[in-house]
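In: Kindly return the folded structure for what I paste below:
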Amino acid sequence: MTQSRLHAAQTALAKLHEHRGNTFYPHFHLAPPAGWMNDPNGLIWFNDRYHAFYQHHPMSEHWGP
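Out: Coordinates of the predicted model:
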């Protein structure tokens with residue numbers, strides 16, 4: 001089970017590099033490093049940087065595990 005999740009995470013990160021070069025990838029909006037994100041609810045300024053907290057499923061672009 002752990003190996004399949006690790007493989008899924010590595011696959012999702014590999015897809016990230018493909019999408020980051022896409023013309024339509026968000027450059028000035030919130031976007032997760034990989035997978036699905038929802039419910040940004042903790043937007044704060046701390047130590048001279050913005051931080052955003054949100055729900056994240058890194059192994060898929062769809063909701064749920």
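
In: Low-confidence ranges, this protein, go.
Out: 1, 17, 19-21, 26-27, 64-65 (pLDDT under 70).

In: In it, what residue spans correspond to strands?
Out: Read by DSSP state E, the chain holds these strands, from start to end of the chain: 36-38, 44-46, 49-51, 55-57.

In: Quick check, central residue of this protein?
Out: Within the chain, the residue whose C-alpha comes closest to the C-alpha centroid is Pro32; the distance, by C-alpha atoms, centre = their mean, is 2.3 Å.

In: need the strands of the chain in a markdown table with distance to Ser4 and mean neighbour count, can you?
Out: Glycine gets a C-beta too; all of them are placed from N, C-alpha and C. What follows is the strands of the chain, written out as a markdown table (distance: least, C-beta to C-beta, whole Å; neighbours: other C-beta atoms under 10 Å):
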| stretch | distance to Ser4 | mean neighbour count |
| --- | --- | --- |
| strand 36-38 | 18 | 15 |
| strand 44-46 | 35 | 8 |
| strand 49-51 | 31 | 8 |
| strand 55-57 | 15 | 14 |
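
In: nearest to Ala9, of the ones you listed?
Out: Comparison of the strands of the chain against Ala9 by C-beta to C-beta identifies strand 55-57 as nearest, at 10.7 Å.

In: How far does stretch 22-31 stretch from one end to the other?
Out: Between the opening and closing residues of stretch 22-31 there is a gap of 13 Å (C-alpha to C-alpha, to the nearest Å).

In: now that stretch: how far from the chain's centre is it?
Out: Between the mean C-alpha location of stretch 22-31 and the chain-wide mean there is a distance of 12 Å, by C-alpha atoms, centre = their mean, to the nearest Å.

In: Now for Leu43: which residues touch it?
Out: For Leu43, the contact set (C-beta atoms under 8 Å, 6 or more residues apart in numbering) comprises Tyr50, His51, Ala52, Phe53.

In: The third one and His29 touch, don't they?
Out: By that I understand Ala52. No. Between Ala52 and His29 no contact is recorded; they are 10.5 Å apart, counting by C-beta atoms under 8 Å.

In: If anything else comes up later, I'll come back, but that's it for now.
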